[in-house]
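[1] coords below, sequence missing:
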């Protein structure tokens, strides 16, 4: 090897070591802690995240960041042509904020105490899913969400929130879906959804709510589905849903409600599904469903009802399914369902009814009647075959009469 070749070789080695040293410095740089920091190389912001050992899924506008599976291109794309990328354990990344354009972030670490631990919060995020963690800081939640101006849907199910601040969703005017199932919420503020006029879906299943503020939904005209199943609600103000004319589904099952006001659902003309099962309701107002002309499905199972008002369903021409099982009903009005031509299924099991006559229906031949008895584990399901069912019933009554005589 001549002199010139030796000098060139030494220069190459020195340059290589310099590059390696520089890359190591970058890898251990302080911006790994997770924040949006000014990029030194470009006059724009970049997104940097700390290593997270748990699953974080994102939907990206172009390619997955360095350190994520699917790089340089996501393997699966959804209908909006966004890539789906999964975080690699113990991997860090730095990627241009303008390039990545995060749309969705899902974190299911099962151990995070605060949202700062994720280190993947971008102002452009539209869908934020953080189920099954240990989040509980209401003020930090409100502060984080206030930065996400484009937010459309949040899911914080199975966390440990006990209370929410008034301003939790104050800056999220595009929010349409909220899920806080299986937390420990004791109460919801009166102005929680004051600025969320586009809210459509709300789920607060399995919390500890015993009261809902009267004006909670007064500024949510597009509200469509609400679910308060498995709480401790005892009394509902009749004005609660009066501004929500587009409501389709209301689920109040498995609470401790004792009374329903007769005007509770009068403004919900588009209501299709109503679930009041497993409460402590003793009576149903005769005009409770007066304006619910689109009601399809009603469930009042597992209450303390002894009677059913004779004109309860007179204004429900779209009614298809009714469930009254596990009550104490002994008799039914003679023309209870005479104005419900689309009714196909009723369930009166485990009441005090021995026979449910088909004469109480508009067309008894098309209705499937379920009327199981406490002593009868199999029960009797009356099918559309009216002739066969009546013959079987007549035979049973004849045998009973002969034995008694």
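    On my side now, so go ahead. None of the values given here were measured: they were computed from a predicted structure.

[2] mind listing what residue 267 touches?
    Residues near residue 267 by Cβ atoms under 8 Å, 6 or more residues apart in numbering: 241-245, 291. Where you see a C-beta, it was placed from the backbone N, CA and C, and this is true even at glycine.

[3] Assign it to helix, strand or coil.
    What DSSP: H, G, I helix; E, B strand; the rest coil gives for residue 267 is coil.

[4] about what we covered before: inside strands: which ones of the contacts of residue 267?
    In strands, judged by DSSP state E, none of those are found.

[5] Nearest spatial neighbour of residue 295, chain-adjacent residues omitted?
    residue 316 (4.8 Å; Cβ to Cβ, 6 or more residues apart in numbering).

[6] contacting residues for that neighbour?
    So residue 316 contacts 289, 292-293, 295, 339-340 (Cβ under 8 Å, 6+ apart).

[7] Which among those residues count as buried?
    Among the contacts of residue 316, the ones that count as buried by 16 or more other Cβ atoms under 10 Å are 289, 292, 295, 340.

[8] Residue 180 versus the second one, what's the distance?
    With distances defined as Cβ to Cβ, to the nearest Å, the gap from residue 292 to residue 180 amounts to 28 Å.

[9] What of the last one?
    Between residue 340 and residue 180 the distance is 36 Å, computed by Cβ to Cβ.

[10] Just give me the neighbour total for residue 331.
    11 (other Cβ atoms under 10 Å).

[11] what residues are up against it?
    307, 353.

[12] Please apply the same query to residue 158.
    Contacts of residue 158 by Cβ under 8 Å, 6+ apart are 131-133, 181-183.

[13] Same check on residue 137?
    By Cβ under 8 Å, 6+ apart, the residues touching residue 137 are 113-114.

[14] Can you check the pLDDT for it?
    At residue 137, the predicted lDDT confidence score is 91.

[15] picking up where we left off before, and the contacts of residue 267, which of them are buried?
    241-242, 244, 291.

[16] pLDDT and distance to residue 366 added to those residues, as a markdown table?
    As requested, the buried ones among the contacts of residue 267 are exported to a markdown table (pLDDT from 0 to 100; distance: Cβ to Cβ, whole Å):
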| residue | pLDDT | distance to residue 366 |
| --- | --- | --- |
| 241 | 97 | 32 |
| 242 | 96 | 35 |
| 244 | 97 | 33 |
| 291 | 96 | 26 |
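
[17] how about the residues you listed in CSV, adding distance to residue 229?
    Listed next are the buried ones among the contacts of residue 267 as CSV, based on distance: Cβ to Cβ, whole Å:
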residue, distance to residue 229
241, 16
242, 22
244, 18
291, 24
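
[18] now, the most widely separated pair of these?
    244 and 291 (13.1 Å; Cβ to Cβ).

[19] Now for these two: what residues contact both?
    Contacts common to residue 244 and residue 291, judged by Cβ under 8 Å, 6+ apart, are 267-268.

[20] Going by distance to residue 227, which of the contacts of residue 316 wins?
    Closest to residue 227, out of all of the contacts of residue 316 and judged by Cβ to Cβ, is residue 295, at 17.3 Å.

[21] Distance of that closest one relative to residue 248?
    Distance of residue 295 to residue 248, computed by Cβ to Cβ: 10 Å.

[22] what touches both of those two?
    271-273.

[23] Of the residues you listed, grab the buried ones for PyMOL.
    Buried residues within the shared contacts of residue 295 and residue 248, by 16+ other Cβ under 10 Å, are selected in PyMOL with:
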select buried, resi 271+272+273
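
[24] okay if I get the shared contacts of residue 295 and residue 248 as CSV plus secondary structure, pLDDT and distance to residue 212?
    CSV is the format used below for the shared contacts of residue 295 and residue 248 (DSSP: H, G, I helix; E, B strand; the rest coil; pLDDT from 0 to 100; distance: Cβ to Cβ, whole Å):
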residue, secondary structure, pLDDT, distance to residue 212
271, coil, 98, 17
272, coil, 98, 21
273, strand, 98, 19
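
[25] Redo the shared contacts of residue 295 and residue 248 as TSV? Include distance to residue 330.
    TSV is the format used below for these (distance: Cβ to Cβ, whole Å):
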residue	distance to residue 330
271	29
272	30
273	28
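
[26] low-scoring stretches of the stretch 51-200 of the chain, by residue?
    51-112, 116-122 (pLDDT under 70).

[27] Restricted to helices, list the buried ones among the contacts of residue 267.
    The helices, defined by DSSP state H, take in nothing from those.

[28] So which of those is the closest to residue 255?
    residue 241 (15.4 Å).

[29] Isn't the closest one up against residue 248?
    No: between residue 241 and residue 248 there is no contact under Cβ atoms under 8 Å: 11.7 Å.

[30] rewinding a little: which two in the buried ones among the contacts of residue 316 are spaced the farthest apart?
    Checking the buried ones among the contacts of residue 316 with Cβ to Cβ, the most distant pair is 292 and 340, at 12.2 Å.

[31] which residues touch residue 275?
    229, 250-253, 299.

[32] Phi, psi for it please.
    phi -120, psi 110 (degrees, to the nearest 10).

[33] can you tell me how far it sits from residue 235?
    18 Å.

[34] Likewise for residue 298?
    From residue 298 to residue 235 the distance is 21 Å (Cβ to Cβ).

[35] which of the two has more neighbours?
    residue 298 (24 against 13).

[36] and the more buried one, that's in a helix?
    No: read with three-state DSSP, residue 298 is strand and lies in no helix.

[37] So what sits opposite it in the bridge?
    residue 274, residue 322 (DSSP bridges).

[38] who touches it in this structure?
    274, 276, 289, 319, 321-323.

[39] Check residue 156 too.
    Counted by Cβ under 8 Å, 6+ apart, residue 156 has contacts 130-131, 135, 141, 179-180, 183.
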